[in-house]
Structure formats: structure tokens, C-alpha cells
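A.B. asks: Generate coordinates for the sequence data below:
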Amino acid sequence: MSTGWSIYITVLTVLNILGCLWLLWWTSQKRTGAKPANETTGHTWDGDLTEYNKPLPKWWLNLFYLTIVFSVVYLVLYPGLGAFAGTRKWTSADQLRADIEEHNARLAPVFARFASLPIDQLAQDPEALALGRSVFANNCATCHGSDARGARGYPNLTDGDWLWGGDADAIVATITKGRSAVMPALGGALGADGVAATAAFVQSLAGVAADPGLVRAGEIHFKTLCVACHGPDGKGNPLLGAPNLTDGTWLYGEDFASISASIANGRNGQMPAQEPIIGIDRARLAAAWVYSLRGTGQAADGAGGGR
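C.D. replies: The predicted structure is shown next:
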């Protein structure tokens, strides 16, 4: 928080408290001069319903004074006056951290029972799978969906097609360390015609009918610019996260326009590292649940696999 903003908040808060004090004091003062016996505020409702101008009840005033005292004590003890942290140095971030540590300590024995078991064994344990699914739902479902079938741009984890490898160690590494997949934009190097020809050749690799002339031209471009990652046969490279272009599984769409956009503009897929967030024990349980899903489902409409 900047110094100016801190001063502004502090001054505004103090002025509000002082203003309330002055208003209470002013309204509680007796006015000089004669007053009518039944003085009203001048407001009239329904023709004959009026409001007497009476002083505020003492109990109400005292309660209001108590709330002001409470606010002053609170602002001394806790944050509220700009950058002043309060004498207790309490912060919501520290409170959240303490709550998380307490929660983790309480659950540690539950997860520790599975810490030494291999992933393939965890994938056959109903209790471990239930815990893994819960971890997945809380941390992974936002992108991959509650059923792990993904969506456009977010991999389907049930179709058996993997960008970075589908063995137990690879899945654990993906979850714990994250992945960063970069498909460079080739539109500038290929031009519009080259992009169209390469897209047609990529479609042909997956068995999709395409213009033979474009396919022949695209094959030349592919062997010049694409084989380094996708391989001469287009089957990809899990060490680089380069997808297999021959199996009909598409992360960003299988139509000509989507493939052309991938070639021309590139793609940048980010899988955030989960170990700093959920820890290794929870990550391994989530990996076991994902491992158990391999090949159990098909891609959702418009979505692709390709881990």
C-alpha cells in the first residue's frame, strides 16, 4: 500500500469516528429556550400520524458509544488504519496459512498410509482412489472437468493418448512439476499458402481426406519445419510434449481451420506445478486416480486428448 493511500484511509477512518462522536454529543445536548410540550419533527403520515421530537434513549446512546470504543480498540489491535498492522500483527494471510497447516497436520496420517505404495498399486486401492478423486476434484477439475474428459485446449485424461507419457512416473512428474508446451507460430515462415498446405498434410496423416496437391506441398513444409518435434512419421515425441498427429486425437480441434490456426499462430499450453500447492502425497493420489482412468473414455465433443 502506498504512503498516500495509507494516509487517506487513516484520515478518513478517524474523521468518521470523530464525526459519529460529535453527532452523538450534539444530539444529546439540551436546547435553550422554551419548547412546545409536544414538539414534532414536522413529518406527517396518513394525514394524522406524526413523529415527536424526543431525545434519543440513554440506553441507545450508550450502546452507540460502546460500538465506538470497540472500533477504536479493534483498530489498535488489528489492521484497519492504512498501513498500520495493529499491535497484534494479525493478517488474514497468516491466519489462512495457520489454518492450512493445522488442516494438513490433521490429515497427514491419512495420506501417509499411501505414501510408500507404488502408483499402480494405489490405482487398485478403492480408498486411495476415493482420496485421489477428491484431490482431483478440488484442484484439477477446473481445467480437466469433473469427469477428467477435458475440453477444447484441456486434455482428456481418459482416452489413453498422452503428450508427455502415460506411465506412472510420467503422470506423477506432470502433476508435481507441471508442463510447458510450446508450439511455435509458423505463419510468418510458411505464408498463407504454406499454412494451408501443411494443414492439409497433417489432416492426411490422421486419415482425413484432403486435396492431393496441397498434401504434396504440405509434406515438403512438414519435413522442413515440423519433423524436429513431431518426427518424420508425425507420431510425436513425449520427451518434448509434441503430440501424435496420426491417431485422430486433437487437443485444439480436428477441422481444417483449427489445424491451420495451430500452425499459423502456434499454441502455448501450461500445466501448473501442483506439488507446491497440494504436496507430494496428495499429488501421488491424484496421479493414481488419473492412472486408473487410462483408456476408459473418449474425448468430449470438440475436445481432444493428447496429454
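
A.B. asks: after whichever strand or helix holds Thr142, next one along is what?
C.D. replies: With secondary structure defined by DSSP states H and E, Thr142 is part of helix 141-144. Per DSSP H and E, helix 141-144 leads on to helix 168-177 as the next helix or strand towards the C-terminus.

A.B. asks: quick check: mean pLDDT across that following helix?
C.D. replies: Confidence for helix 168-177, expressed as mean pLDDT, is 96.

A.B. asks: Next: stretch 115-129.
C.D. replies: If you average the per-residue pLDDT over stretch 115-129, you get 94.

A.B. asks: what does stretch 95-112 give?
C.D. replies: Within the predicted structure, the mean pLDDT of stretch 95-112 is 89.

A.B. asks: start the count at 19, not 1, going forward
C.D. replies: Okay, residue one is now 19; in that scheme the one you just asked about reads as stretch 113-130.

A.B. asks: Can you give me the buried ones in that stretch?
C.D. replies: Within stretch 113-130, the residues scored as buried using 16 or more other Cβ atoms under 10 Å are Phe129. The C-beta positions use only the backbone N, C-alpha and C, and glycine is treated the same way.

A.B. asks: Repeat that for stretch 211-220.
C.D. replies: Using 16+ other Cβ under 10 Å as the burial criterion, the residues of stretch 211-220 that qualify are Gly212, Val213, Ala214, Ala215, Thr216, Ala217, Ala218, Phe219, Val220.

A.B. asks: which of these lies closest to Gly104?
C.D. replies: For Gly104, the nearest member of those is Val213. The distance, counting by Cβ to Cβ, is 60.0 Å.

A.B. asks: Please enumerate the helices of the stretch 169-318 of the chain.
C.D. replies: Using DSSP state H, counting those that start in this stretch, the helices of the stretch 169-318 of the chain run over 186-195, 205-223, 230-243, 245-248, 274-283, 293-310.

A.B. asks: And the fourth one, how far out from the chain middle?
C.D. replies: Its chain's average C-alpha position is 32 Å from that of helix 245-248, according to Cα atoms, centre = their mean, to the nearest Å.

A.B. asks: Contacts only, for Leu208.
C.D. replies: Contacts here follow Cβ atoms under 8 Å, 6 or more residues apart in numbering; on that basis Leu208 touches Ala215, Thr216, His239, Leu243, Ile281, Ala282.

A.B. asks: With distance to Leu208 and pLDDT as new columns, can the residues you listed be given to me in CSV?
C.D. replies: Listed next are those as CSV, based on distance: Cβ to Cβ, whole Å; pLDDT from 0 to 100:
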residue, distance to Leu208, pLDDT
Ala215, 8, 96
Thr216, 6, 96
His239, 6, 96
Leu243, 7, 95
Ile281, 7, 97
Ala282, 8, 97
